[in-house]
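Student: Have a look; sequence and predicted model below, questions after that.
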Amino acid sequence: MSEQREARVEDVMVTDLYNINGLASVGEAIQMMKKHRVSSLVVDRRDADDEVGLVEVADVANEVIARNRAPDRVSVYEVMTKPVVTLPPGMLVRYAVRLLARLGHSRAVVVDDARNAVGMVTLRDLVLGPRED
């Protein structure tokens, strides 16, 4: 009987990331989300000492639309989440699920050893496995 390797974050993460600069407008972020049919964008690090950020549809809804602010007059950095929960690609899925559930988060950015974003993972991905398109 052969032992099966336990699933890791890298086995289920999505590697098609869409990045945006924190100085971009929320209007630009909305257009990019529409174009790529995604609900979140990774906000670029400014330098090696910075951390990645994340702007999600919920951030836009809560901080811009609900407050009647003009998306083209608000910068991504004003509404993004930073720092975000990050996971290493080699983390076991069961631990990643526990961490996200305990923190009440539905997604995390996957980062390499240099803290560069290499993927994104959601609870859906972790529980149900990779999407088969």
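Tutor: Received, thanks. Numbers count the residues shown, from 1 in each chain.

Student: which residues does the residue most central in space within the chain contact?
Tutor: By CA atoms, centre = their mean, the mean C-alpha position of the chain lies nearest to Val109, the distance being 4.5 Å. Going by CB atoms under 8 Å, 6 or more residues apart in numbering, Val109 touches 42, 52, 54, 84-87, 117, 119-120. To be clear about C-beta, it is placed using only N, CA and C from the backbone, and glycine gets the same treatment.

Student: Roughly how far does it sit from Arg73?
Tutor: Distance, Val109 to Arg73, using CB to CB, to the nearest Å: 27 Å.

Student: Dihedrals phi and psi, the closest residue to Ile65 other than its chain neighbours?
Tutor: In space, and not counting its chain neighbours, Ile65 is closest to Pro71: 7.8 Å by CB to CB, 6 or more residues apart in numbering. Note on Pro71: its backbone torsions stand at phi -50, psi -30 [degrees, to the nearest 10].

Student: Give me the neighbour count for the spatially closest residue to Arg107 that is not a sequence neighbour.
Tutor: Nearest residue to Arg107, sequence neighbours excluded (CB to CB, 6+ apart): Thr122, at 4.5 Å. By other CB atoms under 10 Å, the residues close to Thr122 number 18.

Student: Do you know the pLDDT at Thr122?
Tutor: Predicted confidence (pLDDT) for Thr122: 94.

Student: What spatial separation is found between it and Ser25?
Tutor: From Thr122 to Ser25 the distance is 26 Å (CB to CB).

Student: where exactly do the strands run in the protein?
Tutor: Using DSSP state E, the strands of the chain run over 19-20, 40-43, 53-56, 86-87, 107-111, 117-122.

Student: got those as a markdown table, with distance to Gln4 columns?
Tutor: Below are those laid out as a markdown table (distance: least, CB to CB, whole Å):
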| stretch | distance to Gln4 |
| --- | --- |
| strand 19-20 | 35 |
| strand 40-43 | 32 |
| strand 53-56 | 33 |
| strand 86-87 | 22 |
| strand 107-111 | 22 |
| strand 117-122 | 20 |
